[in-house]
Structures are given as C-alpha cells and as structure tokens.
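Novice: below is the sequence, then the predicted model.
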Amino acid sequence: MLKKAAGQVDDIHDAFYKPAASLEESALAAVRALEGFESARAVRLAHRQWERQAGTVTGWLTHIAESLRSSDGTYTKTDVTVGQTSNQVRIRSALEGY
C-alpha cells in the first residue's frame with residue numbers, strides 16, 4: 001500500500017514538474033520583450049520566486065515518495081520478523097503438566 005502511495009506521489013511530481021519547468025522559456029521571452037522597462041525586472045523577479053517555490057514543492061514530493069518507500073520496506077521487514085518470532089513461540093498445552 002505504501003509503495004502504491006509513493007507511485008502516486010511520483011505521478012503528482014511529474015504532473016507538476018513538467019508544466020512548471022515549461023514556464024521558463026515563456027518567462028525569459030517576456031523578459032526579453034520587456035527589456036528596458038521596469039516590468040522586465042518584475043517578471044524576472046517573479047519567475048525567480050516561482051522557480052524557488054516550484055523547487056521546494058518538487059523537493060517535498062520527492063522526499064514524501066522516498067519516505068513512503070522507506071516506510072514500506074521497514075513495515076515489510078518488521079511484519080516478517082514478527083511472523084518469524086511468533087512461529088517460534090510454542091503454546092504450552094494444559095496436559096503437559098500431568
């Protein structure tokens with residue numbers, strides 16, 4: 001279940017990252033078109049801030065997916081260990097004392 005969730009987070013990452021990255025060309029074109037105007041500086045600053053925020057979001061999504069995968073591995077290992085330990089426990093019969 002955790003691996004499936006990690007896969008879904010990867011899908012969200014891809015769906016966000018590709019459109020976010022595609023904005024760079026448009027932003028730089030706008031800056032070139034507005035060169036000499038104060039608006040060019042404003043577009044450049046807005047784009048720089050967008051890149052920071054988009055980078056933060058993609059970093060979070062990557063970390064969440066990695067954490068889910070790591071948790072799945074820990075859960076699986078713990079589940080197997082508990083199963084092996086419980087198999088070693090022998091239930092004592094009430095008749096063994098007679």
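Specialist: Perfect, I can see it now.
Novice: from here on, just use CA atoms for contacts and neighbour counts.
Specialist: OK.
Novice: hmm, Ser71 is touching Met1, no?
Specialist: No. Using Cα atoms under 8 Å, Ser71 makes no contact with Met1, being 10.5 Å away.
Novice: which one of those two has more residues nearby?
Specialist: Neighbour totals were compared for Ser71 and Met1, and Ser71 leads with 14 against 9 (other Cα atoms under 10 Å).
Novice: quick one: that one from Leu61, how far?
Specialist: Note on Ser71: its distance to Leu61, by Cα to Cα, to the nearest Å, is 15 Å.
Novice: contacting residues for Ile40?
Specialist: One correction, residue 40 is Ala, not Ile. 30-34 (Cα atoms under 8 Å, 6 or more residues apart in numbering).
Novice: ok, now with 6 Å
Specialist: 31, 34 (Cα atoms under 6 Å, 6 or more residues apart in numbering).
Novice: can you say which helix or strand has it in it?
Specialist: helix 38-88 (DSSP states H and E).
Novice: ok, Val31 - contacts?
Specialist: Ala40.
Novice: buried residues in stretch 35-45, which are they?
Specialist: 40, 43-44 (16 or more other Cα atoms under 10 Å).
Novice: neighbours of Leu68, just the number please.
Specialist: 19.
Novice: who's in contact with it?
Specialist: 2, 6.
Novice: so for the helix holding Ala40, what's the average pLDDT?
Specialist: Across helix 38-88, pLDDT averages out at 82.
Novice: do you know the pLDDT at the closest residue to Glu66 other than its chain neighbours?
Specialist: Counting by Cα to Cα, 6 or more residues apart in numbering, Glu66 lies nearest to Ala6, which is 7.2 Å off, once chain neighbours are set aside. pLDDT for Ala6: 87.
Novice: ok, Ala6 to Gly55 distance?
Specialist: For Ala6 relative to Gly55 (Cα to Cα), the value is 19 Å.
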